[in-house]
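A.B. asks: following is a predicted model, sequence given first.
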Amino acid sequence: MSNIHELIEQKNRLQAEIDAIKNSERQSVIDSVKASIAEFGLTASELGLKSGKSKGTGTRAPVADKYVSGVDRWSGRGRSPKWVEAILQQRGITLDQFKASTDWLI
């Protein structure tokens, strides 16, 4: 009877052999699939594959405003608008303190 180390070594040898055979047959499989695609005029979507377009090509939904002062609104993203900077100067507070305050939240 074989011990565990011999079996693990045998398993590793077999896995290496499997990997080598897969690699040697890979290009012929690729060529065969390409030929079938060309022969039948198949598209990526028909095969259930994603197109080559990146996800970032669409437009993003607008971000809801989070802070308001009269008619001025700000989502809290990007550079702070002038009206926010004015409040920071008038009150002597930081942007983090402004965001933590409930005075301007929508």
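C.D. replies: Looks like it arrived, so ask away. A quick note: this is a predicted structure, and the numbers were derived from the prediction, not measured.

A.B. asks: when you work out contacts or count neighbours from here on, use the C-alpha atoms and nothing else.
C.D. replies: OK.

A.B. asks: and whichever strand or helix holds Q97, what's buried?
C.D. replies: Using DSSP states H and E, Q97 sits in helix 95-100. Across helix 95-100, burial judged by 16 or more other C-alpha atoms under 10 Å covers F98.

A.B. asks: check the secondary structure at E46 for me.
C.D. replies: State at E46, reduced to three classes by DSSP: H, G, I helix; E, B strand; the rest coil: coil.

A.B. asks: how close does it sit to R26?
C.D. replies: In this view, E46 and R26 are 23 Å apart by C-alpha to C-alpha, to the nearest Å.

A.B. asks: neighbour-wise, which of these two wins?
C.D. replies: The neighbour comparison of E46 against R26 (other C-alpha atoms under 10 Å) goes to R26, with 12 against 9.

A.B. asks: tell me the phi and psi of the more buried one?
C.D. replies: Note on R26: its backbone torsions stand at phi -60, psi -50 [degrees, to the nearest 10].

A.B. asks: outline the domain layout of the protein.
C.D. replies: Here the domain parsing of the chain from automatic domain parsing is 1-50, 67-100.

A.B. asks: which stretches of this structure have low pLDDT?
C.D. replies: Residues of the chain meeting the criterion pLDDT under 70: 1, 51-57, 106.

A.B. asks: again, only using 80
C.D. replies: Scanning the chain for pLDDT under 80 picks out 1-2, 50-58, 104-106.
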